[in-house]
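Here is a sequence together with a model predicted from it:
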There are 2 protein chains.
Amino acid sequence: MASSDASALPFPDWMAQTQARTEAALGRFLPAAETIPQGLHDAMRYSALGGGKRVRPLLAFAAGELCGATAEALDCVACAVEMIHVYSLVHDDLPCMDDDVLRRGRPTCHVQYDEPTALLVGDALQSRAFEILAAQPWPSPAQGLELVRLLAHGSGSCGMAGGQAIDLASVGKSLDQPQLELMHALKTGALIRAAVLMGAHCGTPLAAAELERLDAFAKRAGLLFQVVDDILDCTASTATLGKTAGKDEAADKPTYVRLLGLETARQLADDLRRDALGALEGFGPRARRLIELAHYITTRKF
Amino acid sequence: MASSDASALPFPDWMAQTQARTEAALGRFLPAAETIPQGLHDAMRYSALGGGKRVRPLLAFAAGELCGATAEALDCVACAVEMIHVYSLVHDDLPCMDDDVLRRGRPTCHVQYDEPTALLVGDALQSRAFEILAAQPWPSPAQGLELVRLLAHGSGSCGMAGGQAIDLASVGKSLDQPQLELMHALKTGALIRAAVLMGAHCGTPLAAAELERLDAFAKRAGLLFQVVDDILDCTASTATLGKTAGKDEAADKPTYVRLLGLETARQLADDLRRDALGALEGFGPRARRLIELAHYITTRKF
């Protein structure tokens, strides 16, 4: 993946190859379906395998390429971040949260299995993410420990879980743009940022100023992802999205489209892409995959 | 705590001091209630502070004393293990699981707050446990990474969460003693074992044979804890337990008392205590707190 062969691939091929690589690595890093308790492991594999855009793994691989990381190290980091993402989807879909029945074009975990199983699937996917990071033979244990710290911080109450709490508390309220931005910086942004920083952390250390620019990219890319998500939620169909369309509106949730209108939200997405790309200037061709991903995140259809 | 002063204390005083020390450390390691999002942090602190026997922290400190660990290192490990335990209680009490309203003599988290908050409290406590382990200045990063690995393995689908999955699948079924033992070895035993091994791992490394004996103690102590829990569930009152008594029976769950009868279950507890203490022979006075804890776990009233 990080070889010169891979870097010559056109973006769609690189993306497909990285997605397939992530799928295969997830299959290895998850306990086998035959491992006791089989029911739980089967449900973990159902939830994590066989779909998804794998945006966070793609970002981890792209940032890893920027820093010359090995594909093996990136497999582990990509899977850890994706396991956290999948656990958050499984818990988000539960009846007491978004109560959703469709995810990645298939029945959600609690519909396919049952609610207690979905609760435990999320819990166990989170533990597994940290376990695979801790069990990997990193060149230095300090590197592994920093990866655990980045992922735990991005997932927790000052990251993704904290953003979900703000999201819940804001149903039916009108947030202003800074409040909406804080919510999304935590809910979606924190884990996307962790994916980029963890990918970079697998390679040759960046200078402080470079790391700052990469972080600036990651923050803008995270917000961009969410603005586009809001646009798609009200413009795309359920069939295209593979999840229920229009549900933010139906749930009376604040979104960028509601706050700004569709056209201004589209303008904001373009501005964020420009700023994200601006942060990558100076990295040269090493940033190619990150640049391509910023375009992909902006123009994606689901 | 690990000083010679502390080791001279009578057991009840040592226990009270270690519980108070753990409470204070949890207060420091949890985000402040004023940190955004305040609602989530308030609920995390409500769930983790102000009660509990702190059996896992006590075991971590006792094993740490055996190995000459510092109290500061043990504070971190004790809090990480306890955060995992508390998250499992918060999720276990949810309506889709045990649907319980009382915990540690107070309303459960989803009763005091609401279900989505309780779900996020559990999720965020798990992340926080790994974050504090990863952020601690360990003498060697390899030590920190091994602590993460031990905790993640003990919590996950081949540990605590796996045991809960077997527990759910066994409602209304009659398990034989080996099946019941496997369920409890995972559900309760895995995290108790992690507490002991992590405490020991904070100090001077044990020889392989010593570590094996400590692990044998931990396995028996974990099972002992569960057998006594089953006995208390059918003999103690809700007021004494601080949680709903008789709920295993009401939920048609397999327990040692149902399988063996009360008297044979009590005999099994005595046998497990004897075996646990036997595993500690050869450690001499260094094992004092672990020995005292084996007696405490057997004779506790709640």
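Received it, and whenever you're ready, just let me know what you need. Residues are numbered from 1 along each chain as shown, chains lettered A, B, ... in the order given.

can you give me the strands in chain A?
Taking DSSP state E, the strands of chain A run over residues A:102-103, A:106-107.

Give me the pLDDT for the residue most central in space within chain A.
Geometric centre of chain A, nearest residue: A:R56, 3.7 Å, by C-alpha atoms, centre = their mean. Note for A:R56: predicted pLDDT of 98.

what's the closest non-adjacent residue to it?
Once flanking residues are discounted, A:R56 sits nearest to A:A195: 4.0 Å by C-beta to C-beta, 6 or more residues apart in numbering or on different chains. Every residue, glycine included, has its C-beta placed from N, CA and C.

OK, contacts around the one you found?
A:A195 makes contacts with A:R56, A:P57, A:L59, A:A60, A:A63, A:V77, A:A78, A:V81, A:A218, as judged by C-beta atoms under 8 Å, 6 or more residues apart in numbering or on different chains.

residues contacting A:S140?
B:P141.

Please repeat the previous calculation with a cut-off of 6 Å.
Shown in contact with A:S140 (C-beta atoms under 6 Å, 6 or more residues apart in numbering or on different chains): no residues.

Next: the one 5 residues further on.
In this structure, A:L145 makes contact with B:A134, B:P141, B:G144, B:L145, judged by C-beta under 6 Å, 6+ apart.

out of these, what pair is the most spread apart?
B:A134 and B:P141 (9.4 Å; C-beta to C-beta).

still on that earlier bit, is it true that the residue nearest to the centre of chain A touches A:M83?
No - in this structure, A:R56 is not within contact of A:M83 by C-beta atoms under 6 Å, at 10.1 Å.

what's the residue of chain A most remote from its centre sitting at in phi/psi?
The C-alpha centroid of chain A is most remote from A:I36, which lies 28.9 Å away (C-alpha atoms, centre = their mean). Main-chain dihedrals, A:I36, degrees, to the nearest 10: phi -70, psi 140.

That one and chain B, how far apart?
Computed as C-beta to the nearest C-beta, to the nearest Å, the A:I36 to chain B distance reads 7 Å.

how about the helices in the stretch 1-150 of chain A?
Ranges of helices within the stretch 1-150 of chain A are A:4-7, A:11-29, A:38-48, A:55-66, A:71-92, A:109-112, A:115-135, A:141-155, based on DSSP state H, counting those that start in this stretch.

Next, format those helices as a markdown table and append distance to B:K173.
Listed next are those as a markdown table, based on distance: least, C-beta to C-beta, whole Å:
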| stretch | distance to B:K173 |
| --- | --- |
| helix A:4-7 | 51 |
| helix A:11-29 | 31 |
| helix A:38-48 | 13 |
| helix A:55-66 | 40 |
| helix A:71-92 | 26 |
| helix A:109-112 | 22 |
| helix A:115-135 | 15 |
| helix A:141-155 | 35 |
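
So which of those is the most surrounded?
Neighbour counts (mean count of other C-beta atoms under 10 Å in any protein chain shown) averaged over each of those peak at helix A:55-66, with a mean of 28.

And that one, how far out from the chain middle?
Centroid displacement of helix A:55-66 relative to its chain, using C-alpha atoms, centre = their mean, to the nearest Å, is 11 Å.
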